[in-house]
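In: Generate coordinates for the sequence data below:
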Amino acid sequence: MLYRSFITRYVCLILFVVAPGIMKAQSDAAPNPNCTLIVPANALSAEGLATPFQLTATDPAAGDCHEANKDQSAFVQAAVLDPATGQVAIYNPLVLDQGATPAMPPVIPTLPANAIVALWFGYNGDTLTLRGATDGVLSAAGCVNGADGENFGQFSYCNAPAFYKAAHHAIRRGQLTIPPLGTAVDGRPCPTVRDFFVVDQDQSDNLPTTYLLITGSDGSLQMAQRTQSNLSMFSDAKALGNPSDNRLVDVALDGALGCTPWKAPDLADPGQMVPALPLNELQARALQAFPMAMVPAGDPMTRNQGKRDIKKVNAYRRGVDQPPVVYSFQANTARYCRNMLRIAPARMLQDQALLMPDPTHPTRGLSPDPTVADTLFTFMAQRFVASYDILSCSKRLGIADPITVTTNSLGIATGAVIDPVKLRRSRQSLGGSEQQDHDADDASRAVAATE
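Out: This is a model prediction of the structure:
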């Protein structure tokens, strides 16, 4: 929920309707935020991965769902582990409107013998529901859409725990090597998806997956995988991405801070390397220093009817390689708020120049979503302000947010101020709890080490 949860958003008033095999633009003021993704049979096989996943409305009465509408787009990412070598590769299955045809058929990947395959899903709307193409598809693939009858929201996965178990086994055997984080140009370690400089109120959701959106001469719209072959064939294609925590790290922040994400071979595009959610989580689990951010009980995606649900917290954590909650302190939202306050504003203030556009670095400081904020700095600032509010951090800590964001008439963040005096005072007031929080983090690490 990286971009939707916060300041008032200027909503794109475009929807798309399906004609036989194509999509055509149509005006509509209220896109349906809740869609269903139909998972093909044998989803973890080569044929299943190459079969387009189909998007449709969960409740047709609420309006259609269309993949080409960026406010409804769903995304899929697969990781493939070779148990013989321990090596990991990535494949991004294609998503289409139900009944539509792709601009080019998806590439059928070549999988190693006895491959361990897992899927992760991302969504630009509110709640994505998984549905099998036939009965038993979801259970056969080990798909988890939520817990206790409630969906997570934008996130879900299939067979992730089995993949992580195999990956950790390969790491222990020396077959799979996690690359170092490296040092950012600000002199600090490069950020991970568990860095409190990065995380928001619902960390580790969504994907760095990108598709191609192709517009025909008659205005029809079709989707294709993002491969070098398709880019050459459709030179005017536009990128359709999942604005995610993972993309924020892999693209925006790594680009601004001179860092490099961990990438693996793309099975749809030989010779190309791509980042991935599971790679990010494996690297963060191994290398993120204290304090390590892990999904708290206050995460909106783990709540059930607005209340804490530890079963749902654990279901979510298993999908992102985090230890389950055994004791309540391991998912303490107040501690999560304290660490956000200790870390994020200070590094944002230090790195403000790096998070702003720079003519000598054309891609540096660009906003991950111009409909939310006009620069990477204002994006990070509004994201923190919204997360601090959504998690009720001010009430939990008794400390006001030291960041103030200004917006224009469209609700786009165009300015942000981090008050150094308020920041210093807030960090001083947190000094008495720092050792206690450190001990809790050490205890969480100890639980993870026993898995």
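
In: next one: stretch 419-434 to chain centre, how far?
Out: 30 Å (C-alpha atoms, centre = their mean, to the nearest Å).

In: Other residues contacting stretch 102-113?
Out: With contact meaning C-beta atoms under 8 Å, 6 or more residues apart in numbering, stretch 102-113 is reached by 45-47, 49-52, 80, 82-85, 89, 91, 93-94, 96, 117, 212, 214, 222-225, 227, 229-230, 233-234, 267-269. In short, each C-beta sits where N, CA and C put it, glycine included.

In: can you give me the end-to-end distance of it?
Out: The straight-line separation of the ends of stretch 102-113 (C-alpha to C-alpha, to the nearest Å) is 29 Å.

In: Of all the residues in it, which ones are buried?
Out: Residues of stretch 102-113 classed as buried: 102, 103, 104, 106, 107, 109, 111 (neighbour count, 16 or more other C-beta atoms under 10 Å).

In: residue ranges of the helices in the stretch 251-400 of the chain, please?
Out: 254-257, 277-287, 310-319, 333-350, 376-390, 393-397 (DSSP state H, counting those that start in this stretch).

In: May I see those organised as TSV, with distance to residue 296 and mean pLDDT added?
Out: Shown next, in TSV, are the helices of the stretch 251-400 of the chain (distance: least, C-beta to C-beta, whole Å; pLDDT from 0 to 100):
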stretch	distance to residue 296	mean pLDDT
helix 254-257	25	96
helix 277-287	16	97
helix 310-319	8	96
helix 333-350	4	96
helix 376-390	11	97
helix 393-397	11	96
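
In: Let me have those in TSV, adding distance to residue 369 and mean neighbour count as columns.
Out: What follows is those, written out as TSV (distance: least, C-beta to C-beta, whole Å; neighbours: other C-beta atoms under 10 Å):
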stretch	distance to residue 369	mean neighbour count
helix 254-257	15	21
helix 277-287	18	23
helix 310-319	23	21
helix 333-350	17	21
helix 376-390	7	24
helix 393-397	23	17
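
In: Let me know which of these is the nearest to residue 61.
Out: helix 310-319 (27.5 Å; C-beta to C-beta).

In: Skipping its backbone neighbours, what lies nearest residue 184 in space?
Out: residue 257 (3.8 Å; C-beta to C-beta, 6 or more residues apart in numbering).

In: Now for that neighbour: which residues touch it?
Out: Contact analysis of residue 257 by C-beta under 8 Å, 6+ apart lists 184, 185, 186, 190, 191, 351, 354.

In: Now that we have the residues you listed, which of them are buried?
Out: 184, 190, 191, 351, 354.

In: how many neighbours does the residue lying closest to the second one once chain neighbours are set aside have?
Out: Going back to what we said before, that points to residue 190. Leaving aside its chain neighbours, residue 190 sits nearest to residue 259 (3.6 Å; criterion: C-beta to C-beta, 6+ apart). Look at residue 259: counted by other C-beta atoms under 10 Å, it has 19 neighbours.

In: what residues are up against residue 259?
Out: Here residue 259 is in contact with 181, 182, 184, 190, 191, 253 (C-beta under 8 Å, 6+ apart).

In: Narrow the residues you listed to those in helices?
Out: Counting by DSSP state H, no part of the contacts of residue 259 is found in helices.

In: Residue 75 - that's part of a strand, no?
Out: Yes. Counting by DSSP: H, G, I helix; E, B strand; the rest coil, residue 75 is found in a strand.

In: And for it, the neighbour number?
Out: Around residue 75 there are 28 residues (other C-beta under 10 Å).

In: sorry, back to before: in CSV: the buried residues of stretch 102-113, plus secondary structure and pLDDT.
Out: Formatted as CSV, those follow (DSSP: H, G, I helix; E, B strand; the rest coil; pLDDT from 0 to 100):
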residue, secondary structure, pLDDT
102, coil, 97
103, coil, 96
104, coil, 97
106, coil, 98
107, coil, 98
109, coil, 98
111, coil, 98
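
In: pLDDT weak spots in this structure?
Out: Flagging of the chain using pLDDT under 70 yields the residue ranges 1-29, 442-451.

In: Just the element for the nearest residue to residue 381 once chain neighbours are set aside, please.
Out: Leaving aside its sequence neighbours, residue 381 sits nearest to residue 416 (C-beta to C-beta, 6+ apart; 3.3 Å). Assigned by DSSP states H and E, residue 416 belongs to strand 413-418.

In: what helices or strands is whatever helix or strand comes next after that strand leaning on?
Out: Helices and strands here follow DSSP H and E; after strand 413-418, the next one along the chain is helix 420-429. Identification of packing neighbours for helix 420-429 by 3 or more C-beta pairs under 8 Å, 6 or more residues apart in numbering; DSSP states H and E yields helix 333-350.

In: The helix it packs on vs helix 376-390, what angle?
Out: If you take axes from the mean of the first three to the mean of the last three C-alpha atoms, to 10 degrees, helix 333-350 sits at 160 degrees to helix 376-390.

In: now helix 333-350: how far from the chain's centre is it?
Out: Using C-alpha atoms, centre = their mean, the offset of helix 333-350 from its chain centre is 20 Å.
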